[in-house]
Structures are given as structure tokens and as C-alpha cells.
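Participant: let's see this in three dimensions:
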Amino acid sequence: MTSQQSSQKSFFNSNLFTRICSALVLAPIVIAAEWWGGWPFLAVVLIISLAVCFEWLRIISPQMRSVPIALVLVLMLASLYFVATESMVTAFWPIFLLFCGMMIAGYALGQKFWLGAGFAYAFLLGAALLLIRNDPELGMEAIALIVAVVWATDIFAYVVGRTFGGPKLWPAISPGKTWSGAIGGLCAGMLASVAFIGLLDNVSLIRLVVTGLLLSIASQCGDLFESWIKRRFKVKDSSHLIPGHGGVMDRVDGLVFAVIFAVFLAWVFDGSLDRPAQALFFGSA
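Facilitator: Residues are numbered from 1 along each chain as shown. This next block holds a predicted model:
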């Protein structure tokens, strides 16, 4: 066997090849659902949120029995469906009371606040995605903006960090991350946001730059937060649900914080959450 053949064989057996295949299968499904909206998008959001919740529960308590896990997942499913079909005002108090119940159940099961925190983490991800995408005016564009910023931040933080190295960002939590990578990710996130100026009329360049910067920071905070959770509970990957990629949490850690922060930004810009996607691009009317 020649060295070239050996190199090709090692590539096709490598983790990188598995990651590429997984991405080629999953990415078109997610993108198509985001473009289509409605029930396809709801289905994808439910699957992602349930997977994140399941992985969180397995991280905090690998010995947790199937019945409590199934109950939490059913409640998660019902809560997100309620958010999707009712107004946020109607959904707030039932969900808040359910969260309080999760906190109490967590202490009863010996998990302290981790059970409730996991429920909130997964629920807020799904609720924020649904809230923004369901804006009839610019929901699809706003989700595309958030995802573009998160992806650009993640990719370029990795590439720049590996290329230039330098001082570590927070070695106690994530030894591989560097300040050069963080800055490269911020620049890429801003550029990804600015690219939307060619897709929308009358959108402010300054608003896009600021939005991209803040969402990129939020995305990197989400990445660090998940690294801290895994280090806290001494696990390497959140699960092995996605071949070559680890778990769903490992893929959406930046998105969780970014999309939740996007909802917060929309509220700051407009003073309400009636049109979060519109507010994210243009502020109040």
C-alpha cells in the first residue's frame, strides 16, 4: 500500500470524515426546516430541545432512572408545544410554575438545582427559537442571522486559535481556547452579521455590527458555559448521539446563549416581544 493510499484510508476512517458526513446529513434538514417554518421547524426545535434536556440529565446523573427522565422530557415537549400554540403571556405562568416544580423535584431527587437548571436551559433554547422564527415579518431572516453569527464565531475561533495560539482564554474551564481565537471569532461574527446588509433594505450598518458583536460574545459564553458543565461533572462529550460530533449540546452550546440573548436584545430594542425578529433588525417602529 502506498503512502497516498494509506493517507486516504486513514482519512475515511478518521473522526473528521465522520463529522463531515454527519454535517452533510443533518445541516440540510435543519436549514430546510428553518426556511419552511411552521410544523417542520417546530419538529426540529422539539427534537433539539429534548436531546439537550436528555443529555443534561445524563451528565448530572448517569444513574438517573428512565421514569424521571421520561417524565421531564414529556413535560418539556408539552411546554414547548404550549409556547408554540399560545402567546408568551398565556404560557408564562404555567411554565414558571412547572419550573418551580422542577426545582423542588431536583432537591427531592438529590440533584439540588441542576434538574431545574437543565430544564430551563433546554426550554429557553426551544422557546427563543420559536419566538423569533414565528415572527411573521422577518423570522426566517433573524434565525439565519443568529445561526450565521454562531457558526462564523465557532469556526473562526477554532481556526484562528489553532493558527496563532497565544495566551489561553480561560484554561481552568477550557484549556484549548485562546484569546486570539476569541478575537478571531468576534471579528467573524460581526462580518457574518454585516453580510445581511445586502439582504435587507434600510437596515443600519451600526446596528448589524453591534448585534453581531453581542451575539458572538454570547455564543462564546455559551461555549464556555457548556465546557464548565462538562468539567464540573467530569465528562468529555455530552453524549454520542451525533457520530463524530459528540452530543447535541456540544453542537448547540453557542446557539443556546446566542438565541436567548437575541430575544433579550429584541426586548431592549423594542420594549416588547411582539415582533422580536423585526426588533432585532430595526428596533421599535
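
Participant: where does Pro175 land in three-state SS?
Facilitator: strand (DSSP: H, G, I helix; E, B strand; the rest coil).

Participant: count of neighbours near it?
Facilitator: 12 (other C-beta atoms under 10 Å). Using the backbone N, CA and C atoms, a C-beta is placed for each residue, glycine as well.

Participant: so what does the closest residue in space to it that isn't next to it in sequence look like in phi/psi?
Facilitator: The shortest distance from Pro175 to any non-neighbouring residue, by C-beta to C-beta, 6 or more residues apart in numbering, is to Lys168 (6.6 Å). With angles defined as degrees, to the nearest 10, Lys168 sits at phi -80, psi 150.

Participant: who are the contact partners of Lys168?
Facilitator: Pro175, Lys177, Thr178, Trp179 (C-beta atoms under 8 Å, 6 or more residues apart in numbering).

Participant: go on, Ala120?
Facilitator: Phe99, Met102.

Participant: could I get the buried residue list for the helix or strand where it lies?
Facilitator: Applying DSSP states H and E as the criterion places Ala120 in helix 114-133. Across helix 114-133, burial judged by 16 or more other C-beta atoms under 10 Å covers 114-133.

Participant: ok, stretch 272-283 next?
Facilitator: Leu273, Arg275, Pro276, Ala277, Gln278, Ala279, Leu280, Phe281, Phe282.

Participant: okay, these in JSON lines with distance to Leu98, secondary structure and pLDDT next?
Facilitator: What follows is those, written out as JSON lines (distance: C-beta to C-beta, whole Å; DSSP: H, G, I helix; E, B strand; the rest coil; pLDDT from 0 to 100):
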{"residue": "Leu273", "distance to Leu98": "20", "secondary structure": "coil", "pLDDT": "83"}
{"residue": "Arg275", "distance to Leu98": "27", "secondary structure": "coil", "pLDDT": "90"}
{"residue": "Pro276", "distance to Leu98": "23", "secondary structure": "helix", "pLDDT": "92"}
{"residue": "Ala277", "distance to Leu98": "26", "secondary structure": "helix", "pLDDT": "93"}
{"residue": "Gln278", "distance to Leu98": "29", "secondary structure": "helix", "pLDDT": "92"}
{"residue": "Ala279", "distance to Leu98": "27", "secondary structure": "helix", "pLDDT": "91"}
{"residue": "Leu280", "distance to Leu98": "28", "secondary structure": "helix", "pLDDT": "91"}
{"residue": "Phe281", "distance to Leu98": "32", "secondary structure": "helix", "pLDDT": "91"}
{"residue": "Phe282", "distance to Leu98": "34", "secondary structure": "helix", "pLDDT": "88"}
